[in-house]
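Q: all I have is the shape, not the residue letters:
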């Protein structure tokens with residue numbers, strides 16, 4: 001049985017140095033010529049149904065109830081505050097934050113479309129618009 005050096009040359013079993021490159025030969029319990037078989041990496045499957053600990057899924061009737069509450073003008077503000085302050089359900093909190101952002105983005109242009117023409121009409125009647133034009 002021969003031992004293969006790091007350079008790839010075969011040497012005798014009792015050789016201390018490689019006969020070609022002169023490097024010291026290590027006599028291990030596992031000869032150098034036996035390469036370890038690389039193990040195949042283990043991949044885990046992605047579980048898309050992961051729940052945050054302590055978070056219960058909301059049922060269909062629960063979602064319907066929330067949307068009814070969100071549609072009642074004063075009750076929706078109270079519901080938003082209660083859920084944002086006390087609920088541990090991240091999905092529900094994100095829904096409320098998105099509704100608040102969309103509400104603000106939609107209310108400002110609608111209010112501007114109502115207030116600006118009304119203000120201009122008032123200024124025309126008062127005769128103050130002649131000062132600007």
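A: Received, thanks. In this text the structure is predicted, and so the values were computed from the model without any measurement.
Q: just after the worst-scoring helix or strand of the chain on mean pLDDT, pick out the following helix or strand.
A: Across the helices and strands of the chain, mean pLDDT, DSSP states H and E gives its lowest value to strand 3-4, namely a mean of 72. Following strand 3-4 in sequence order, the next helix or strand is strand 10-11 (DSSP states H and E).
Q: which neighbouring elements make contact with that next one?
A: Strand 10-11 is packed against strand 3-4, with contacts defined by 3 or more CB pairs under 8 Å, 6 or more residues apart in numbering; DSSP states H and E. Yep, even glycine has a C-beta here, placed from its N, CA and C like the rest.
Q: now the lengthiest helix in the chain, how far from the chain's geometric center?
A: Longest among the helix segments of the chain by residue count, using DSSP state H, is helix 90-126. Centre-to-centre, helix 90-126 and its host chain are 30 Å apart (CA atoms, centre = their mean, to the nearest Å).
Q: helix, strand or coil: sort out residue 13 for me.
A: State at residue 13, reduced to three classes by DSSP: H, G, I helix; E, B strand; the rest coil: coil.
Q: any idea how far residue 25 is from it?
A: Distance of residue 13 to residue 25, given as CB to CB, to the nearest Å: 10 Å.
Q: so those two - more neighbours on which side?
A: Ranked by neighbour count (other CB atoms under 10 Å), residue 13 and residue 25 place residue 25 first, with 19 against 10.
Q: isn't the more buried one right up against residue 5?
A: Yes - counting by CB atoms under 8 Å, residue 5 is a contact partner of residue 25 at 5.8 Å.
Q: so where's this structure shaky on pLDDT?
A: Where the chain drops to pLDDT under 70, the residues are 1-3, 27-37, 44-55, 126-133.
Q: domains of this protein?
A: 1-35, 60-131 (automatic domain parsing).
Q: got those domains as a markdown table, with distance to residue 43 columns?
A: Conversion of the domains of the chain to a markdown table gives the following (distance: least, CB to CB, whole Å):
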| stretch | distance to residue 43 |
| --- | --- |
| domain 1-35 | 24 |
| domain 60-131 | 27 |
